[in-house]
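>>> the following comprises the amino acid sequence and a computationally predicted model.
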Amino acid sequence: MTKYIRLEIKTQDKMGITLKILGAIYDSKINLHSLEVFSKKICVMIEDIKKKEKLELIEELEKIEDVISVRELELMGYEKNERKLKAIIDSVDEGVIALSANLEIEFFNSYCEKLFGYEKNEILGRNIKSFIGKQSSLLELITSGKSYENVEVSISNEKVDGRYLATGRAVKDDDLNPIGSVLTIKDFQKAREIAEIVSLDESGSFKEIVGSSTSLEKVKKICSSIAKSDSTVLIKGESGTGKELFAKAIKKLSKRENQRFITVNCAALPDALIESELFGYEKGSFTGALKRGKEGLFKEADKGTIFLDEIGELSLGVQSKLLRVLQEGTIRKIGSSKEEKVDVRIICATNRDLDEMMKKGEFREDLYYRLNVIPITIPPLRERKEDIPLLIGHFIRKMNKKVGKDIVSASMDYINYMMEYDWPGNVRELENSIERSVNLCEGNILTNNYIFVDEKPNENYNEDFLQYKEMASLKEQVKELEIEILKKSLQKNKSIRKAAKELGISHTALIKKIQKLNIRMETKDTVGN
Ligand SMILES: Nc1ncnc2c1ncn2[C@@H]1O[C@H](COP(=O)(O)OP(=O)(O)OP(=O)(O)O)[C@@H](O)[C@H]1O
């Protein structure tokens, strides 16, 4: 490698000082390689000379008026920057190449040695065609003069043969004429693996949980941080807030991700059954039992997760059995004296106030403290109304698929109405309400006319509705109005017979209209076919 000497000359900030310094170097008959000029400093890079000549040059430079000091430097400023940049580019796990307009490689990072299968000194200055194959689609991209992004290309020469993703930009002069190009090339397989890892990240586990309110994000964060441990989780929250969705998300993020997730709705099973369902029974242990006996759900969930929904509904008897699972990690089948070890993570949920139940003696205190190791509270929808617009969009898409419609969005009025409502049934009620709207909607936008919630509609509703609507035929407007009148009467009267009386039509006429207009209302009566 050619050796050079670098000098830093500190000077007064005077006109003509650079010329004097260059003159001294010229007079000494020393070749100048490069020069950097600053306001009070000049750096020169000169050919390698003998020590004596170097000292003589320094002496000459120091004699110049306005020169303050001269010292030898390790590297020029631009060399330092170049090396830093090269270190950065070399650390990238993909090939970075700068090409001239003639496709000669002017710059490349060390990854390219592996990419092309050649040594550094065999690459510089050579035409890229000799490394990528004359037929490579990459050649077409490079010569197109256009930008391209992550295009799949092949690279093959006598040493390598593989698939890559190429991204490139043309380099242009001031008149926009191409003077070369820069490209990056990444390993296809590696890029795919990274994409897979990213798609498996935590956000994937919360994919089904729609909403970005601070309070919901906080719950997601807690779930991510506790998911990996085996501690028992107690999810509290009103009915329909998404407790089960969160329980599933915790399982997905846990070490037990690939093991079973068993859901038990404690309220749905009669007390007499729940014990045998949870813990199983030995053969012939009670009348009606299967001859061969039965494994319980805890056993089935072994190594996995069990989700005990509505835990507040368990009888005190079953509560004490559950306590044993938590204390000892064992279960005992009905009719058996043998304890069996199980390795199950328990996630439970309740919409009841367990504290209150404990005070009343309806829930065991010791069990409560065992379950409440990691308490998570999901806020009701009315406390995170900012999630409603996102949820509306999500449920429209979901219901479109379910009922085969193509509704594109909801009107602002519809969204505003939904934001004003208090949602005592939380997200489940919102979902049901949108399902009804989607079913009844005749256009491709959900409007106020298709709102069906269980409380009074907003006060301005009729006024808004009676406004003249452009683009709607008289027939359509009359039909919409009729739907509204029927709906309001049905809502108020909660009975088809009473509504018919109020509207001055017969009971059968009202039923016919309800069917024709596809109105689905919950009244005391049912509309038969
Ligand atoms: N944040 C959310 N994003 C999307 N869907 C949601 C969300 N929260 C709840 N849901 C939906 O609402 C319905 C009720 O949710 P889930 O069953 O998880 O509630 P829950 O709190 O367990 O109710 P319960 O206490 O009555 O058992 C489900 O259809 C669920 O998919």
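Done, it's in. Numbers count the residues shown, from 1 in each chain.
>>> now the stretch 401-529 of the chain against the ligand: closest residue?
Val427 (3.5 Å; Cβ to the nearest ligand atom). Bear in mind the C-beta positions are built from the backbone N, C-alpha and C, glycine included.
>>> and the strands in the stretch 151-300 of the chain?
161-172, 178-187, 233-236, 261-265, 280-281, 294-295 (DSSP state E, counting those that start in this stretch).
>>> just to revisit the earlier point, need the contact list for the residue of the stretch 401-529 of the chain closest to the ligand.
240-242, 381, 391 (Cβ atoms under 8 Å, 6 or more residues apart in numbering).
>>> in the stretch 1-150 of the chain, which residue sits nearest the ligand?
For the stretch 1-150 of the chain, Cβ to the nearest ligand atom, closest residue to the ligand: Asn150, 32.1 Å.
>>> for stretch 209-216, how far is the first residue from the last?
9 Å (Cα to Cα, to the nearest Å).
>>> just to revisit the earlier point, columns mean neighbour count on top of the strands of the stretch 151-300 of the chain, output as TSV?
Output for the strands of the stretch 151-300 of the chain, formatted as TSV (neighbours: other Cβ atoms under 10 Å):
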stretch	mean neighbour count
strand 161-172	17
strand 178-187	18
strand 233-236	23
strand 261-265	17
strand 280-281	22
strand 294-295	16
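>>> in a strand, the residue of the stretch 1-150 of the chain closest to the ligand, correct?
Yes - counting by DSSP: H, G, I helix; E, B strand; the rest coil, Asn150 is found in a strand.
>>> quick check: closest non-adjacent residue to it.
Leu165 (4.5 Å; Cβ to Cβ, 6 or more residues apart in numbering).
>>> look up how far Lys398 lies from the one you found.
For Leu165, the distance to Lys398 equals 34 Å [Cβ to Cβ, to the nearest Å].
>>> and this structure, which residues reach the ligand?
208-211, 237, 239-245, 309, 349, 351, 394, 427-428, 431 (Cβ under 6 Å from any ligand atom).
>>> selection in ChimeraX covering whichever of these are buried, please.
Buried subset of these, written as a ChimeraX selection, criterion 16 or more other Cβ atoms under 10 Å:
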select :209,210,211,237,239,240,241,242,243,244,309,349,351,394,427,431
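>>> rewinding a little: separation between the residue of the stretch 401-529 of the chain closest to the ligand and Asp387?
Where Asp387 is concerned, Val427 sits at a distance of 8 Å (Cβ to Cβ).
>>> and if you look at Ile514?
33 Å.
>>> which parts of the chain belong to which domain?
For the chain, automatic domain parsing gives the domain ranges 4-76, 92-194, 203-379, 389-516.
>>> lowest-confidence stretch among these?
If you rank those by mean pLDDT, domain 389-516 sits at the bottom with a mean of 79.
>>> what about it, how long is it end to end?
First-to-last residue span, domain 389-516, Cα to Cα: 31 Å.
>>> please shift the residue numbers so they start at 57 in all later answers.
Yes, from this point I'll number from 57; that puts the last item at domain 445-572.
>>> so how far is that domain off the chain centroid?
Between the centre of domain 445-572 and the centre of its chain there are 33 Å (Cα atoms, centre = their mean, to the nearest Å).
>>> residues in contact with Glu369?
Per Cβ under 8 Å, 6+ apart, neighbours of Glu369: 322-323, 408.
>>> now it: how far from the ligand?
Here Glu369 is placed at a distance of 11 Å from the ligand (Cβ to the nearest ligand atom, to the nearest Å).
>>> Ser280 now?
15 Å.
>>> number of residues surrounding that residue?
Neighbour count of Ser280, defined by other Cβ atoms under 10 Å: 16.
>>> my guess is it meets Lys308, correct?
No - applying Cβ atoms under 8 Å, one finds Ser280 not in contact with Lys308, separated by 10.4 Å.
>>> find residues that contact each of those two.
Common neighbours of Ser280 and Lys308 (Cβ under 8 Å, 6+ apart) are Ser261.
>>> can you show me the CA trace of the helix ranked longest in the chain as CSV?
Longest helix in the chain, counting residues (DSSP state H): helix 530-549. C-alpha atoms of helix 530-549 as CSV (Å, rounded to 0.1, in the frame of the first residue of the first chain):
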residue,chain,number,x,y,z
LEU,A,530,-89.0,9.2,-2.9
LYS,A,531,-89.7,5.5,-2.6
GLU,A,532,-86.4,4.8,-0.8
GLN,A,533,-87.0,7.7,1.5
VAL,A,534,-90.5,6.7,2.4
LYS,A,535,-89.3,3.2,3.0
GLU,A,536,-86.6,4.4,5.3
LEU,A,537,-89.0,6.5,7.2
GLU,A,538,-91.4,3.6,7.5
ILE,A,539,-88.7,1.4,8.9
GLU,A,540,-87.9,4.1,11.4
ILE,A,541,-91.5,4.5,12.5
LEU,A,542,-92.0,0.8,12.9
LYS,A,543,-88.7,0.4,14.7
LYS,A,544,-89.5,3.2,17.2
SER,A,545,-92.9,1.9,17.9
LEU,A,546,-91.6,-1.6,18.4
GLN,A,547,-88.9,-0.4,20.7
LYS,A,548,-91.3,1.6,22.8
ASN,A,549,-94.1,-1.0,23.0
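>>> who's Ile98 bridged to?
Bridge pairing for Ile98 (DSSP bridges) gives the partners Ile65, Val93.
>>> and it, how close does it get to Gly72?
The value you get for Ile98 to Gly72, if Cβ to Cβ is used, is 12 Å.
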